[in-house]
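Undergrad: what would the 3D arrangement of this be:
(one chain, ligands or ions: 2)
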Amino acid sequence: VRQFKISSGTSSYEVLIGPGSLGEASSAVRKIVGQGVGALISDSSVAPLFAERLQQNLSRQGIRTTLITVPAGESAKTLERAGLICDEMIQAGLDRHSFVIGLGGGVIGDLSGFAAAIYQRGIRHIQIPTTLLAMVDSSIGGKTGVNTAAGKNLLGAVHHPSLVIADPELLTSLPRREFKQGFAEIIKHAIIADAEMFEKLAQASSLRSFEGTEALAPLIQRNIEIKAGIIANDEEDRSGKRAILNFGHTIGHGIERAGNYRDFFHGEAIALGMVAAARISTKRAGLTNGEAETIEQLLGSFSLPTKLPAGINRQKIVDAVMADKKFERGQVRFVVTPKIGSAYLSSDVTLEDIEDAIAQL
Ligand SMILES: NC(=O)c1ccc[n+]([C@@H]2O[C@H](COP(=O)([O-])OP(=O)(O)OC[C@H]3O[C@@H](n4cnc5c(N)ncnc54)[C@H](O)[C@@H]3O)[C@@H](O)[C@H]2O)c1
Ligand SMILES: [Zn+2]
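TA: Ligands and ions are numbered 1, 2, ... in the order given. Here you go, the predicted model:
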């Protein structure tokens, strides 16, 4: 188990990573919260797997937690649900010195983090991600929030965790399709910031090489470092630096929306969005055709989609992309990669480029 520190502008926190780190969670939590009381928030699929073990370990350190379980899935990420959670926290007698542990995927991370951000104007939040996507992406960066009927993540707060514990052993129970989609964000990180990691992934060139927890731990650590490094100087998402994390996401979000968030997992839609963004990058940012093909091949070798399935309504995707609030003022801002390992926000991409790329996908 390795421990390292992340500094992110105004805050810094510890990350505990490696197989077996859940077993060491309680002493790490104790260092942060003392002998306090807190809420353990999880979902109906994850809680039965790990919550009891964690609560027992914590209580041995004198830390008492109330388990709050929400239904598994994106539909739990609502303001109503956050309110119910806060009500339960009040009933359990939590005060402003208490804390929240989020045990689950990105849904639980966002929802529990939001509850922690608003409870008594903000109490400490500990992230214990249980999906690959949450370990390499959503648990880092401090973005928390809920969805509304009008769209995803429209309400939220920036509230950094006090501690993140990433134990790859927890991923053994994760459904394969969920595991796979985490690699879309890993490959994204490689494309935008780490040519060496891209090369390593290309050499491994399959999911199988990363099924053991030994190989996963350093990969997760590297991805946490990349994301933390990118947001370190742009916490509030203002300068545009953080925007490169959206590589593949403009068209990817359109694909998710056009599929009513049912047909594609986020990572699958983003894989398709990255194929399109790579092609646009050959036109507008000087990426070589060879590199664009390598990107496509790498995604394919991790069993991520690189072509839209037959019968998909492409116009629906174009409409969904255009409806995105970022396009409201006509000025297109699109993340491109000039070379694997780097990316920037460009104003040279046109709406036509995007339409063409979707047509070719
Ligand atoms: N805050 C951020 O910066 C950020 C970044 C990316 C995504 N997100 C958010 O993350 C969410 C998606 O996260 P996700 O993909 O982790 O989804 P998720 O939390 O819904 O988890 C996926 C499914 O896997 C199950 N599960 C989780 N861990 C498991 C385990 N170890 N074993 C068995 N089953 C397990 C869950 O119950 C759920 O059904 C979205 O709401 C998205 O908006 C946030
Ligand atoms: Zn994403």
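
Undergrad: ok, the residue of the stretch 251-361 of the chain found nearest ligand 1 - contacts?
TA: The minimum distance from the stretch 251-361 of the chain to ligand 1, using Cβ to the nearest ligand atom, falls at His266 (6.2 Å). For every residue, glycine as well, the C-beta is placed using N, CA and C. Counting by Cβ atoms under 8 Å, 6 or more residues apart in numbering, His266 makes contact with Leu133, Gln181, Ala184, Gly252, Glu256.

Undergrad: and those, which of them are in helices?
TA: If you go by DSSP state H, these have Leu133, Gln181, Ala184, Gly252, Glu256 in helices.

Undergrad: quick check: the third one touching Ile270?
TA: It stands for Ala184. Yes. If you go by Cβ atoms under 8 Å, Ala184 and Ile270 touch, sitting 4.7 Å apart.

Undergrad: what is in contact with those two at once?
TA: By Cβ under 8 Å, 6+ apart, the residues touching both Ala184 and Ile270 are Gly248.

Undergrad: okay, now the sheet partners of the helix or strand containing Leu103, with direction.
TA: For Leu103, the host element (DSSP states H and E) is strand 99-104. Neighbouring strands of strand 99-104 in its sheet, by DSSP bridges, are strand 37-43 (parallel), strand 124-129 (parallel).

Undergrad: pull the residues that contact it.
TA: Under the contact criterion Cβ under 8 Å, 6+ apart, strand 99-104 has outside partners 29, 32-33, 36, 38-43, 46-47, 50-51, 54, 65, 89, 108-109, 111-113, 115-116, 119, 123-131, 134, 162.

Undergrad: number of residues surrounding the residue in the stretch 151-300 of the chain positioned nearest to ligand 1?
TA: Nearest residue of the stretch 151-300 of the chain to ligand 1 (Cβ to the nearest ligand atom) works out as Ser173 at 3.6 Å. Neighbour count of Ser173, defined by other Cβ atoms under 10 Å: 11.

Undergrad: residue numbers of the stretch 1-150 of the chain in contact with ligand 1?
TA: Applying Cβ under 6 Å from any ligand atom, we find that the stretch 1-150 of the chain lies next to ligand 1 at 43, 45-46, 49, 72-74, 77, 104-108, 110, 130-131, 133-134, 137-138, 141, 143.

Undergrad: how about a cut-off of 5 Å?
TA: The interface of the stretch 1-150 of the chain toward ligand 1, taken as Cβ under 5 Å from any ligand atom, is made up of 43, 45-46, 72, 105-107, 130-131, 133-134, 137-138, 141, 143.

Undergrad: sort out which of these are in helices and list them.
TA: Gly106, Val107, Leu133.

Undergrad: which of these lies closest to ligand 1?
TA: Top of the list for closeness to ligand 1, among those and by Cβ to the nearest ligand atom, is Gly106 at 2.0 Å.

Undergrad: right, and the closest one touches Ile140 too?
TA: No. Using Cβ under 8 Å, Gly106 is not in contact with Ile140; the gap is 11.0 Å.

Undergrad: neighbour count: these two, which is higher?
TA: Applying other Cβ under 10 Å to Gly106 and Ile140 shows that Ile140 carries more neighbours, namely 28 against 20.

Undergrad: just give the closest residue to that one, not the sequence neighbours.
TA: Lys227 (4.8 Å; Cβ to Cβ, 6 or more residues apart in numbering).

Undergrad: in what helix or strand does that neighbour lie?
TA: helix 213-231.

Undergrad: any idea of the mean pLDDT in that helix?
TA: In this model, helix 213-231 has an average pLDDT of 93.

Undergrad: quick one, that helix and strand 124-129 angle?
TA: 130 degrees (axes from the mean of the first three to the mean of the last three Cα atoms, to 10 degrees).

Undergrad: do helix 213-231 and ligand 1 meet?
TA: No. Counting by Cβ under 5 Å from any ligand atom, ligand 1 is not contacted by helix 213-231; separation bottoms out at 8.6 Å.
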